[in-house]
Every structure is written in C-alpha cells, then in structure tokens.
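Visitor: Next input, structure requested:
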Amino acid sequence: MSASPTQPLRGAIIGAGYFSQFHYEAWTRIPEVKIVAASNRTLEKAEKKCRDYGIPTSYGDWKEMIDTEKPDFVDIITPPPTHLEICSYLAERNIHMICQKPITPSYEESVELATLVDSTEARFMVHENWRWQPWYRNIKALLDEGTLGKLFSIHFLMRVGDGWGEDAYLDRQPYFRDYPQLLMFETGVHFLDTFRYPGGEVSSLYAKLNKRNPVIAGEDSGIVICNFSNGATATLDANRFNEADTDDARFTFGVMRIDSSKGHLQMNLAGDMTFNPLGEPTQTIEYEYPRINFASDCCFQLQRHFVEHLLNKLPFESEAEDYLKTLNLVEACYKSAATGQVVTL
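Guide: Sure, this is the predicted structure:
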C-alpha cells in the first residue's frame, strides 16, 4: 500500500454467520486496520468471534456499537434485508462501509441506497469477492495484454451439489431453502459480475431458470446467455442440485472455457489453466492459486483493495454505482425467465 495512516484504521464488523469467518480472518492480515468491535443479533456469536480473532469488544446491538465505538469503517456481513437500514445509518454519519452482496433484496432499494451514500462523505464498496478469485484476475490480465486476442465467448459450467435433499445447503446456509429467488439472486450474480469484468457491458440476455429440489422456495438451476456490446457472448450453465467430480466443488465452483481470436483457454475444477493457441500445442498457464480460505483467498484480496483505495482516496472496483449494472442483469434474468423472451438492456 502506498499510503498508511499514522494510526490503523478503526474497523467494526456487523455479523457472525457462516461466511463471516473469511472476513474476520482476512482483517487479521491487514496491518493498516484494527478491528475494535464486532456485533451480532445473537451476542454469543459475536463474543466467540471476538475471542477467536482478538477483537476487544462485542455487542448485541449494532447501533450501540456504532454510536459507542465511532469506527472509521464498518464491514457488513448480514442478510440482504438488513443492508438498507444499516448502510443508511452509517452513511448519515459519514462512516465508510464495505457491504456483502446483494446490496439489498431489490434493485429499487439498491438504487435508493446508492443515491443516499453518494450524497454523503461515506465511501461504499460492495464485497463482491468473486472477481478477486485469482483465475479471473489472471484471465483479465491475459486479455488485456493481448495473449488471448479478441474475446469471442465465455462458457462456465457450475455444479455445486449442495442443494439436493431435505437438508439442502446443509448447516452452512440453510436459509437458502427459503429464498424466493435463489440461484441468480445469491450465486448467479457473482458470475454476471465476473462476465462483465473481462467482457464489458451486456447488451441483452436470455435466461431459463428451474427448480430441481421441490423442498426449496426458489430456483436452483438455470442457463443464462449474455450478449456483450462488443459482440462477444457468455453462457452460464449453473446448477446447485447436481454434483461435480471433485471433493471441493466450492474452490472454483466449476469449469470454464474461453474462446478467442488466438485460440482457447480452459480451467478445470482444481484451478489449473491451459491455453491452446490455434494450430499449436497446449500450453500450461502458470499463476498462483493457493488453497487458502474461501476460493483462493479472494476475501483477503478484496479487503486489501478496500483499505488501499480508501487510504489513497481512489475509486473501488465495486462501487455501488457500477455494481448496480450487475444487479440490473439479475433483474433481467428473472424478467427473461418469466416472459421467455430476450431482454435488452
């Protein structure tokens, strides 16, 4: 980091659910930050996180924590229905924030929140960690440097296998069973964002969504075809019901093929990547993708970016205004699935 405060940034965390462990651990490795407090509606969970990660104070009421601690920033790791209230409270106090996706349960509320934050001095970043997974960073670099040539198409095949049976999504995230919208709202949004990351803006899309497990409320399977403004396409073939041929389906979440003017690139379930230049032998793509924490330590990479850009007063990659474009694609998927028609953006 090219700039650092004389004292560490004072951070606070709201939330202590399953995924929060990756946030908490990542903050311990960022020396420019000191997490001073954590809160959770179940105080015992906040107390445990504080013990596990050396955080001095725990709260059962997040407002009390904010008013007492007056942190420089807050990491919000709570369900989407809570985000509008929490983020509005922070924005009105000009407290910076990093918030898990989706921003809110609806696109309209997300626009409302983005507009509010923009009217204050608070900085807001969406915790869209998917694009910080090293395979996406590497692919973007290969495209930018011209190794792959012009992008033609992206195809991602996802099979996670954690959504079948009456105990779908296990003890990790059982509330997924009750989401009225699931696959695209919770998981597909990541892929739409990572499609935009190397491909640019989507001009139209078509989606067919299905529910394979009858015990859940929302959809758990779907195919989405995106058309980019530059003529390229991206296809997501996603299914949380069927299993993948790996012991760790949640490392890369699937396999990927990219076709381009100079050949094609493939990534397997282990993160290994190859490139086949047209008419030439297969090349192994060397890059770092350690099996650390969630999906090769993407939470740490994102949170490090947040701190660096906050200190240097630079734009975040996932500013609210930009992320609204990704959320708009999610809305378009549900509209397309409901009407059976291509949706133009």
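Visitor: Excluding chain neighbours, give the residue nearest to the residue nearest to the spatial centre of the chain in space.
Guide: Residue closest to the average C-alpha location in the chain (C-alpha atoms, centre = their mean): E128, at 3.0 Å. Spatial nearest neighbour of E128, chain neighbours left out: S318 (4.4 Å); criterion: C-beta to C-beta, 6 or more residues apart in numbering. (Glycine included, C-beta is placed from N, CA and C.)
Visitor: Count the residues that sit near that neighbour.
Guide: 25 (other C-beta atoms under 10 Å).
Visitor: go on, D248?
Guide: Using other C-beta under 10 Å: D248 sits among 11 other residues.
Visitor: circling back: so for the residue nearest to E128, what pLDDT did the model give?
Guide: We have a pLDDT of 95 for S318.
Visitor: ok now do it, which residues does it touch?
Guide: 125-128, 131, 193 (C-beta atoms under 8 Å, 6 or more residues apart in numbering).
Visitor: Same check on Y206?
Guide: 224-225, 336, 341-343.
Visitor: mind running it again at 7 Å?
Guide: Taking C-beta atoms under 7 Å, 6 or more residues apart in numbering, we find Y206 in contact with 225, 336, 342.
Visitor: can you check S203 too?
Guide: 227-229, 344-345.
Visitor: returning to that earlier point: from the contacts of S318, which ones fall inside strands?
Guide: 125-127 (DSSP state E).
Visitor: May I ask you to confirm that F253 is in contact with R159?
Guide: No. With contact defined as C-beta atoms under 7 Å, F253 does not count as touching R159 (8.7 Å).
Visitor: More neighbours: which of these two?
Guide: F253 (23 against 20).
Visitor: tell me the SS of that one?
Guide: coil (DSSP: H, G, I helix; E, B strand; the rest coil).
Visitor: That one - nearest residue in space that isn't next to it in sequence?
Guide: Excluding its sequence neighbours, the residue lying closest to F253 (C-beta to C-beta, 6+ apart) is M158, at 5.2 Å.
Visitor: what about that neighbour, neighbour count?
Guide: Neighbours of M158 (other C-beta under 10 Å): 24.
Visitor: Next: the one 5 residues further on.
Guide: Other residues near G163 number 25, with proximity taken as other C-beta under 10 Å.
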